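Trainee: from the sequence below, what's the structure:
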Amino acid sequence: MEKTHPLIEVRHLSKSYFNDGIETPVLHDIDLVIRKGEFIAIMGPSGSGKSTLMHILGFLDVHTTGDYLFQGERTIRMDDDALAKIRATRVSFVFQAFNLLPRTTVLQNVMLPLLYHPTIPVAERIERSLQAIASVDLLDRKDFLSSQLSGGQKQRVAIARALVTDPDVIFADEPTGNLDSASGIAVMNALQKLHASGHTIILVTHDRTTAEHADRIILVRDGHIEGDTHSEHART
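Mentor: Residues are numbered from 1 along each chain as shown. Here you go, the predicted model:
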């Protein structure tokens, strides 16, 4: 029987930044396994290394030592074309600042990643985009400019945009950081809904309440993993 690899596997991974010959270590000897369909929160205070870890897992940065395997393949062996294809088709991001085009409609914002997708034909783009918008309950806002939306609605549009390429994993970096509590809950409910439909989500947050929406919480402090536990949400 063919072996099923974890979606993400990290072995003894470390990361340092170098400036004028000075090394600044950020991550130390990280071991981590994330399987397809999990909802993970990477939690820690500012400066703990959690965002650096997410950037490495999401192919926005590279590790210094150790191994990162994505679906069983060592990322260190991937060339620039392979990495670019992964960024375009297999991973997506939701950022704290939304990163929407302000004078562009919701539909156009969500459709944007498909312009760079190598395999989705033009005829499918609108259909896929409408499905993604419907999944975050904003179909009635599809023709609104993003500048006409509330903060919570903007973040849900960003989630729809991340979803539209049907990626293997969605990374959410402090997605509720700019929102009031009610809007934040709506955004986290949207992520939980996507997880329930089978999507893998990796959330980065400093906030315990936000992290509890995930099923598993990985605590990062001073560049080390200090804890890896199931959340209260997962036990209920």
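Trainee: list the contacts of the residue nearest in space to the middle of the chain.
Mentor: Centroid-nearest residue in the chain, with C-alpha atoms, centre = their mean: Phe171, separated by 0.3 Å. Applying C-beta atoms under 8 Å, 6 or more residues apart in numbering to Phe171 gives the contacts 54, 57-58, 91-94, 201-204. For glycine as for every other residue, the C-beta is placed from the backbone atoms N, C-alpha and C.
Trainee: try 10 Å this time
Mentor: Under the criterion of C-beta atoms under 10 Å, 6 or more residues apart in numbering, the contact list for Phe171 reads 40, 42, 54-55, 57-60, 91-95, 162, 200-204.
Trainee: next: Val94.
Mentor: Val94 sits in contact with 155-163, 170-175, 187, 190-191, 201, 203, where contact means C-beta under 10 Å, 6+ apart.
Trainee: and the nearest residue to it once chain neighbours are set aside, bridged to which residues?
Mentor: The shortest distance from Val94 to any residue other than its chain neighbours is 4.3 Å, reached at Ala172 (C-beta to C-beta, 6 or more residues apart in numbering). In this structure, Ala172 has beta-bridge partners Val94, Leu203, where bridges are defined by DSSP bridges.
Trainee: okay, now Ala172: neighbour count?
Mentor: Using other C-beta atoms under 10 Å as the criterion, Ala172 is surrounded by 28 other residues.
Trainee: hmm, Leu191 is touching Thr200, no?
Mentor: No: the pair formed by Leu191 and Thr200 falls short of the contact definition of C-beta atoms under 10 Å, at 11.2 Å.
Trainee: overlap of the contact sets of those two?
Mentor: Residues touching both Leu191 and Thr200 by C-beta under 10 Å, 6+ apart: 39, 170.
Trainee: pick out whichever of those two has more residues nearby.
Mentor: With neighbours defined as other C-beta under 10 Å, Leu191 and Thr200 compare such that Leu191 has more, 26 against 21.
Trainee: just the element for the more buried one, please.
Mentor: With secondary structure defined by DSSP states H and E, Leu191 is part of helix 181-196.
Trainee: tell me what that helix is packed against?
Mentor: With contacts defined as 3 or more C-beta pairs under 10 Å, 6 or more residues apart in numbering; DSSP states H and E, the packing partners of helix 181-196 are strand 39-43, strand 91-95, helix 122-135, helix 151-163, strand 169-173, strand 201-205, helix 208-211.
Trainee: angle of it against strand 91-95?
Mentor: Angle between the axes of helix 181-196 and strand 91-95 is 170 degrees (criterion: axes from the mean of the first three to the mean of the last three C-alpha atoms, to 10 degrees).
Trainee: report the buried residues of helix 181-196.
Mentor: Within helix 181-196, the residues that count as buried by 16 or more other C-beta atoms under 10 Å are 183-188, 190-192, 194-195.
Trainee: what's across from the nearest residue to Ala214 once chain neighbours are set aside in the sheet?
Mentor: Among residues not flanking Ala214 along the chain, Ala41 sits closest, at 3.7 Å (C-beta to C-beta, 6+ apart). According to DSSP bridges, the partner residues bridging Ala41 are Leu203, Ile217.
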